[in-house]
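> Provided below for reference: sequence and predicted model.
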Amino acid sequence: MQVKIEVSPVEKIAADALAVICFEKAESQTPGSTAGAATSDPALAAQSGWLEELRSSGEFTGKLYEMATLYRPEGVSARRLVVIGGGKPERFSPVEARRVAGTLVRSLKCKGVRGIALLLDQAGNADLVTAAAEGAILGSWEADKYKTDPKKNDKQIDAFTVATPAGELETLRLALEKGRVIAEAQNLTRDLVNEPPNRLTPAVLVEAAKSMSADLGLKCEVLDQEAMEQLGMGALLGVAQGSSNPPFLIAIQYLPAVSSGPAHLALVGKGVTFDTGGISIKPADGMEKMKYDMAGAAAVIGAMKAVGQLKPGIAVTGYIPTVENMVNGNAQRPGDIVTSLSGKTIEVLNTDAEGRLILADALTYANRHGATHIVDAATLTGAIGIALGHHNMGAFTNNQPLLDSFMAASRAAGEKAWQMPLEEEYKEYLKSAYADLPNIGGRHGGSITAAWFLKEFADPTPWVHLDIASTAWIDDGKPWLSKGPTGVAVRSFVQLAMDWKQ
């Protein structure tokens, strides 16, 4: 789908559907004003009677994502005039703009529409333009890659235009391009997570990372099993020993042409391409979804794709430990003790707590290769969903200023995160009589003890851990987003790098 910006009078905007945003409790307001103030555009003012009739009948109230369509409207070039609810005008932000654009794409593509123009009276606001471009591209994605229905591609949007009556065109083009780059990177993440586990093994994930890196001129280095054995990555290799598919550690490096300072941001993503739970095997019900256990790794690959195009002033390296957690005669056993790259020994009490083991060695490796700040993302614990539901990433840190920077980036990117505690008392849950630490604590505070485990390998480098287990996948689609992988954390990673202040 092509996305573009257009600055022209409303009546000249040609599209199958011209969409305008209308708000709640503004009966006197004519369509098209995203700021809550009436627009004076005569082409839209002519349709005010239709909108008032819709409001008075209760068919359209302006609530978020409500839609109504007028065919062959007078005074405009578009074949349809679509009004879509923007909610309360004082609450309208890039988050709503992103979702409005996605809702338009997902709804109208099923109705034979091939070209959409979304009118933003505030299109001079570059953040709204960026968000609208993101929303349109994200909304166009579907999880049906392997369906063979020849008609599935018949109903697609060919072009999405962000339209405005006025604005500085070059500034708006740059904002639109930023949105395109980020959304396509997020969709790459979703593509990877959506791949079935027989088609996406650790080796295939390596090839995807190499291909993306080669396209953008990024440096990509891969450690194979032999190299990791020589280094002493016993935590990662212990997880992989039950699978016939070998493990890897991927490092994707971006270096700015002109560095703004000595900081080197490491993004680390858990890459378990399929997780049976190992000998501590998972229940059969729902195990097929465990292909998404590499969503953190996919988010890092997606973020590096965007970083390579947007070119922030900070050095960024993505580290991706990737394994398959399977069961065979060589599989890791509960009770095994492994020696990590850091030299710390770990008692494996539960083989289904494998993500923290591969991340332990990746965090140590990042520290040894110059990371000054680390942010990791992992589908780590079911406990985070019990604590926060499906709306917020759980965020843990050993460094409040870094977390504050990340939270600001997350808000700007339209993703939600919530700070979780990481107090000293929780370390008491991680005790082993036989090794330096176990890989699980007790029943209580499961996401916190998992984060504490990782902290042992991140310290003393400033570090943020994101538990995305409950946000990386949705079972029920949204009006603006397909069911399946969400690509969460990509936009936050990119925003953090772009906004970095030394």
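Good, I have the coordinates.
> wait, doesn't P165 sit right on D121?
Yes: with contact defined as C-beta atoms under 8 Å, P165 reaches D121; the gap is 7.2 Å. The way it works is simple: take the backbone N, C-alpha and C, and place the C-beta from them, glycine included.
> Tell me which strands whichever strand in the chain runs longest pairs with, and in which orientation.
Criterion DSSP state E: the longest strand present in the chain is strand 315-325. Sheet pairing for strand 315-325, assigned by DSSP bridges, gives strand 248-254 (antiparallel), strand 264-269 (parallel), strand 271-275 (parallel).
> Return the distance of the second one from the chain's centre.
Think strand 264-269. Mean-position distance between strand 264-269 and its chain equals 15 Å (C-alpha atoms, centre = their mean, to the nearest Å).
> Then stretch 19-26?
29 Å.
> The stretch 51-200 of the chain: strands as residue ranges?
67-71, 80-85, 115-119, 159-164 (DSSP state E, counting those that start in this stretch).
> Any chance of those in TSV with mean pLDDT, distance to A257 and mean neighbour count as columns?
Shown next, in TSV, are the strands of the stretch 51-200 of the chain (pLDDT from 0 to 100; distance: least, C-beta to C-beta, whole Å; neighbours: other C-beta atoms under 10 Å):
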stretch	mean pLDDT	distance to A257	mean neighbour count
strand 67-71	94	45	15
strand 80-85	94	42	24
strand 115-119	96	35	26
strand 159-164	94	30	24
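> Pipe the ones you listed into CSV and attach distance to G318 per row.
Listed next are the strands of the stretch 51-200 of the chain as CSV, based on distance: least, C-beta to C-beta, whole Å:
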stretch, distance to G318
strand 67-71, 39
strand 80-85, 37
strand 115-119, 33
strand 159-164, 29
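> where does the protein dip in pLDDT?
25-43, 45-46, 122-124, 502 (pLDDT under 70).
> Contacts only, for T364.
Counting by C-beta atoms under 8 Å, 6 or more residues apart in numbering, T364 touches 340-342, 457.
> Which pair of those spans the longest distance?
The most widely separated members of the contacts of T364, counting by C-beta to C-beta, are L341 and F457 (8.4 Å).
> which neighbours do those two share?
Shared contacts of L341 and F457, counting by C-beta under 8 Å, 6+ apart, come down to 360-361, 364.
> can you redo the residues you listed as JSON lines with secondary structure and distance to K416?
Output for the shared contacts of L341 and F457, formatted as JSON lines (DSSP: H, G, I helix; E, B strand; the rest coil; distance: C-beta to C-beta, whole Å):
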{"residue": "A360", "secondary structure": "helix", "distance to K416": "27"}
{"residue": "D361", "secondary structure": "helix", "distance to K416": "30"}
{"residue": "T364", "secondary structure": "helix", "distance to K416": "30"}
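> Redo the residues you listed as JSON lines? Include distance to R91.
Shown next, in JSON lines, are those (distance: C-beta to C-beta, whole Å):
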{"residue": "A360", "distance to R91": "42"}
{"residue": "D361", "distance to R91": "45"}
{"residue": "T364", "distance to R91": "44"}
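> and which of those is nearest A214?
D361 (25.8 Å).
> Surely that closest one is in contact with S340?
Yes: judged on C-beta under 8 Å, D361 makes contact with S340 at a distance of 5.7 Å.
> Compare these two (neighbour count), which wins?
Taking other C-beta atoms under 10 Å, D361 and S340 do not tie; D361 has more neighbours (27 against 23).
> before we move on, the earlier item: let me know the closest of the contacts of T364 to R98.
R98 lies nearest to F457 out of the contacts of T364, by C-beta to C-beta, at 35.3 Å.
> The helix or strand where that closest one lies vs strand 264-269, what angle?
Per DSSP states H and E, F457 falls inside helix 446-458. Here helix 446-458 runs at an angle of 140 degrees relative to strand 264-269 (axes from the mean of the first three to the mean of the last three C-alpha atoms, to 10 degrees).
> returning to that earlier point: just send the contacts of T364 back as TSV, with secondary structure and distance to V272 too.
As requested, the contacts of T364 are arranged in TSV below (three-state DSSP; distance: C-beta to C-beta, whole Å):
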residue	secondary structure	distance to V272
S340	coil	17
L341	coil	18
S342	coil	20
F457	helix	17
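> can you pick the most crowded of these?
Most surrounded of the contacts of T364: other C-beta under 10 Å gives F457, at 25 neighbours.
> Could you tell me how far that residue is located from L422?
Distance of F457 to L422, computed by C-beta to C-beta, to the nearest Å: 14 Å.
> Could you list the buried residues of the longest helix anywhere in the chain?
Counting by DSSP state H, the longest helix found in the chain is helix 169-194. For helix 169-194, the neighbour count (16 or more other C-beta atoms under 10 Å) marks 172, 175-194 as buried.
> Packing partners of that helix?
strand 2-7, helix 126-140, strand 159-164, helix 202-216, helix 295-310, strand 484-485, helix 490-498 (3 or more C-beta pairs under 8 Å, 6 or more residues apart in numbering; DSSP states H and E).
> Could you export the strands paired with strand 315-325 as JSON lines, including distance to R106?
What follows is the strands paired with strand 315-325, written out as JSON lines (distance: least, C-beta to C-beta, whole Å):
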{"stretch": "strand 248-254", "distance to R106": "32"}
{"stretch": "strand 264-269", "distance to R106": "28"}
{"stretch": "strand 271-275", "distance to R106": "29"}
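> so which of these gets nearest M304?
Closest among the strands paired with strand 315-325, using C-beta to C-beta: strand 248-254, at 4.7 Å.
> That closest one: how far from the chain's middle?
Worked out by C-alpha atoms, centre = their mean, strand 248-254 lies 19 Å from the chain centre.
> contacting residues around that strand?
Applying C-beta under 8 Å, 6+ apart, the contact partners of strand 248-254 are 202-203, 205-206, 209, 212-213, 218-225, 228, 233, 236, 271, 300-301, 304, 307-308, 311, 315-322, 361-362, 365, 369.
> Distance-wise, check F453 relative to F396.
For F453, the distance to F396 (C-beta to C-beta) stands at 11 Å.
> Let me fix that, I meant to ask about S405.
For S405, the distance to F396 (C-beta to C-beta) stands at 15 Å.
> Looking only at neighbour counts, state which of those two leads.
F396 (24 against 20).
> And that one, which helix or strand is it part of?
strand 393-397.
> Given that strand, what are its sheet partners and their directions?
Strand 393-397 has these strand partners (DSSP bridges): strand 417-419 (parallel), strand 463-467 (antiparallel).
> Tell me which residues of the shortest one come out buried.
By that I understand strand 417-419. 417, 419.
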